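Asker: predicted model and sequence follow; I will ask about them next.
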Protein chains: 2
Amino acid sequence: MSDGADGMPIAGVRLAAAAAGIRYRDRDDLVLMDCGQRARIAAVFTRNAFCAAPVHVAREHLAAGSPRYLLINAGNANAGTGEAGMRAARASCELAAAQLGVTATDVLPFSTGVIGEDLPLEPFSQALPELTAGLREDGWSRAAQAIMTTDTVPKLVSRSADVDGATIKVTGMAKGAGMICPNMATLLAFIVTDAEVAAGPLQALLEQAVAPSFNSITVDGDTSTNDACVLVASGTGVAVVGDDAHGEAGKVLRRLVDEVCMALASDLIRDAEGATKLVTIAVADAASADEARQVAYTVAHSPLVKTALFASDPNWGRILVAVGRAGVDELSIDAVEIWLDDVCIVRAGGRDPAYTESAGQRVMARAEITVRILLGRGDACARVLTCDLSYDYVRINAEYRS
Amino acid sequence: MSDGADGMPIAGVRLAAAAAGIRYRDRDDLVLMDCGQRARIAAVFTRNAFCAAPVHVAREHLAAGSPRYLLINAGNANAGTGEAGMRAARASCELAAAQLGVTATDVLPFSTGVIGEDLPLEPFSQALPELTAGLREDGWSRAAQAIMTTDTVPKLVSRSADVDGATIKVTGMAKGAGMICPNMATLLAFIVTDAEVAAGPLQALLEQAVAPSFNSITVDGDTSTNDACVLVASGTGVAVVGDDAHGEAGKVLRRLVDEVCMALASDLIRDAEGATKLVTIAVADAASADEARQVAYTVAHSPLVKTALFASDPNWGRILVAVGRAGVDELSIDAVEIWLDDVCIVRAGGRDPAYTESAGQRVMARAEITVRILLGRGDACARVLTCDLSYDYVRINAEYRS
């Protein structure tokens, strides 16, 4: 079951958003989420060596105990800010903790926005009373709006399913439209279930869901300093504990979390900076999964492939060029096939004899396209979601200070 | 000594260009070069697995004997064309050989232009008599024009120096504005000296000259299927043979060839598709040369860095993001420094306390910028030349069928 755009509430989980003025004026830019007393929280973070101060602090607080609150700002990344940035990230948690009557390690900080500017604390002091008073279970829609930066639409997805006479619910929100090539997780994504899951299985559930979704999308190959993906089990619903993670409820929960992650990841690419097309690069018959991913990402990152997609030009030579430079050892080009949806364009190292420009043109005009690349070397495969490269990508990134 | 834009003639080397109508109308698109009876030719080619038919045939003919003629077309890449493409490449050499009264293996074919379309032979038959009759030593300027595709200006560079009472001359031409991230050589470059050099030392000279020049530039990370760089020693001038490759004449020749390659490589980037800035990414204090190149290319390929450069925005956070995701093991961010020309922007993992936005802005407004990245891990370094990413790059590649 899938519900509307407002985000299905999760019992015991409350959210609030406020216009704190961290960077933007007249729009919400700060979110507080209370995951509830019984919550377990799993998280994965960016592998960028320059990871942001809030990423360090969130890791510390996760290690220190059982955090309950998430504090998310969308104005300032607090990255590249050195020791001052670490102090500011900790102080923001302390301000929230004081307001909520808990300790600072109960709060996980998340930031997205401009890099290299000091995070001001005044907006936190100002907004926290309003945020604390405003926490509500139906706060998802406003929160998903508040965490946006260059996003043009909020990304909010819910799924639910019945199992053993009860219902498992999963609601997730994400943001991010550029600087997207997650390596462990994507910009910011928060997925919440009402199921009761122990910490270990919850982390495994998240890591498995992230691999084919947030970790298989790319806009521009730039892995952010602030990527974080969080999975919260509020513990107010069906118990999925211990071995039951492999039982019926565990299977259903896994399917729901996978679906929510895939849907959010697709929504991120649909709304990628300047994107006009959603493109799946599906590589099969590779010698290894690494090789398949390497080819898929090389094609997905090629500016020439991306501009041809923007132009709806069946310029398949550029796909072939990217496959050829992907660094696959001893690639036999005679064994390679390339397809645009159901149209075979390359076979035996050259253009398929049956290929026609009009057939290629018909596929390229579509808003969603799958480029299938068969390497003829083995059984491994990989799938990467990406988008085209348009004038608007240049405009947005020439104008916006990330 | 450096001369004007017309290309200093090399004794015994004659060139002709003609409008063969391979793709373009009313402009030259086919070049014939006669390197002379005593010439030695060294070449390096693309490492793209899908290398074009003329690359295969040129390799065969170099292995088979001592080629003397170069046949270069700028309308059709003859890549991704399978067996038919191989036959067409061989046939083009046969047509030239018949006209010139030599054998086909005396001719090396080079192609650049649209990928995946069959190479027509009729234009060769038509134009070869005119080309053969038109060969002349001062044909460089017209030839450099004729090999252009999306280039907006021809790239033609000469250098000469006196040694032991004689003069060594080197003239080179190149073309290429996009699909440029050479891996062994760049799109098409032809460098000719009048010195007499044996085959082995000539190939070594070329490979050494190509590494810091054509193999250290990138426009968009896309390695072409047709890259080729050729060094011709016409043997009409100073003898630089055997051990003398390490003597005075050998040193002078090496310096001249290096200078011509570096100048041509810079010219290619200056005229890169949509480029408004010439940017040097200089990485130093790396643990290894590979690591230094990896960081330099990651920064040079980042669409976010490139759009910030286009906007003249000192958005140094994006440089830091790219360094952080370059895959350097255990990078200590506290040891990293980043400079824009003479302005230090990052030190000890954060913004340099002395950095000001106006100082950064002053550098970013320049047409030529060096981004220096010190990793603090060792003694290795690397230098890559690149350009910014502008609206025009998208326009050119959305409109042009490569």
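Answerer: Right, received. Where do you want to start? Numbers count the residues shown, from 1 in each chain, chains lettered A, B, ... in the order given.

Asker: from now on I want contacts and neighbour counts done on CA atoms only, so please keep to that.
Answerer: Noted.

Asker: so what's A:W140 closest to, chain neighbours aside?
Answerer: Nearest non-adjacent residue to A:W140, counting by Cα to Cα, 6 or more residues apart in numbering or on different chains: A:G7, 5.7 Å away.

Asker: contact partners for the one you found?
Answerer: A:138, A:140-141, A:156-158, A:171-172 (Cα atoms under 8 Å, 6 or more residues apart in numbering or on different chains).

Asker: ok, the closest residue to A:D28 other than its chain neighbours - contacts?
Answerer: Across the structure, with Cα to Cα, 6+ apart as the measure, the residue nearest A:D28 apart from its sequence neighbours is A:A19 (3.8 Å). Residues near A:A19 by Cα under 8 Å, 6+ apart: A:25-30, A:127.

Asker: now these: which count as buried?
Answerer: Neighbour counting over the contacts of A:A19 (16 or more other Cα atoms under 10 Å in any protein chain shown) leaves A:28-30, A:127 as the buried ones.

Asker: got a pLDDT number for the spatially closest residue to A:S66 that is not a sequence neighbour?
Answerer: With Cα to Cα, 6+ apart as the criterion, A:S66 has its nearest non-adjacent residue at 6.5 Å, and that residue is A:D106. Note on A:D106: pLDDT of 97.

Asker: need phi/psi at A:D106.
Answerer: With angles defined as degrees, to the nearest 10, A:D106 sits at phi -80, psi -10.

Asker: could you do A:V157 as well?
Answerer: Residue torsions, per degrees, to the nearest 10, at A:V157 are phi -130, psi 140.

Asker: before we move on, back to that, the contacts of A:G7 in helices, which ones?
Answerer: In this view, those that belong to helices under DSSP state H are A:140-141.

Asker: how about stretch A:43-54 as CSV, C-alpha atoms only?
Answerer: This file holds the C-alpha atoms of stretch A:43-54, laid out as CSV (Å, rounded to 0.1, in the frame of the first residue of the first chain):
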residue,chain,number,x,y,z
ALA,A,43,22.6,5.5,10.3
VAL,A,44,25.1,5.5,7.5
PHE,A,45,27.2,8.5,6.6
THR,A,46,29.3,10.0,3.7
ARG,A,47,32.8,8.5,3.1
ASN,A,48,34.1,11.9,1.9
ALA,A,49,37.3,12.5,3.8
PHE,A,50,36.2,16.1,4.4
CYS,A,51,33.1,15.0,6.2
ALA,A,52,31.2,17.8,7.9
ALA,A,53,31.2,18.6,11.7
PRO,A,54,27.6,17.3,12.2
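
Asker: now the residue nearest to A:S66: how far from A:L62?
Answerer: Distance, A:D106 to A:L62, using Cα to Cα, to the nearest Å: 8 Å.

Asker: what residues are up against the residue nearest to A:V336 when sequence neighbours are not counted?
Answerer: Residue nearest to A:V336 in three dimensions, not counting chain neighbours: A:L375, with 4.8 Å by Cα to Cα, 6+ apart. Contact analysis of A:L375 by Cα under 8 Å, 6+ apart lists A:283-286, A:331, A:335-337.

Asker: of the residues you listed, closest to chain B?
Answerer: Taking Cα to the nearest Cα as the measure, chain B lies nearest A:L331 of these, at 6.5 Å.

Asker: pLDDT at the closest residue in space to that closest one that isn't next to it in sequence, what is it?
Answerer: Excluding the flanking residues, the one nearest A:L331 by Cα to Cα, 6+ apart is B:A49, at 6.5 Å. Looking at B:A49, its pLDDT is 79.

Asker: what does A:A5 give?
Answerer: Looking at A:A5, its pLDDT is 64.

Asker: on that earlier part again, any idea how far A:A79 is from the residue nearest to A:D28?
Answerer: 21 Å.

Asker: got it, and A:Q37?
Answerer: 31 Å.

Asker: just to revisit the earlier point, residues contacting the residue nearest to A:S66?
Answerer: Contacts for A:D106 (Cα under 8 Å, 6+ apart) come out as A:61, A:65-69, A:97.

Asker: which elements pack onto the helix or strand hosting A:A209?
Answerer: A:A209 is part of helix A:199-210 when elements are defined by DSSP states H and E. Packing partners of helix A:199-210 (3 or more Cα pairs under 8 Å, 6 or more residues apart in numbering or on different chains; DSSP states H and E): strand A:40-45, strand A:228-233, helix A:248-270.

Asker: one more time with 6 Å, if that's ok
Answerer: Counting contacts by 3 or more Cα pairs under 6 Å, 6 or more residues apart in numbering or on different chains; DSSP states H and E, helix A:199-210 packs against no other helix or strand.
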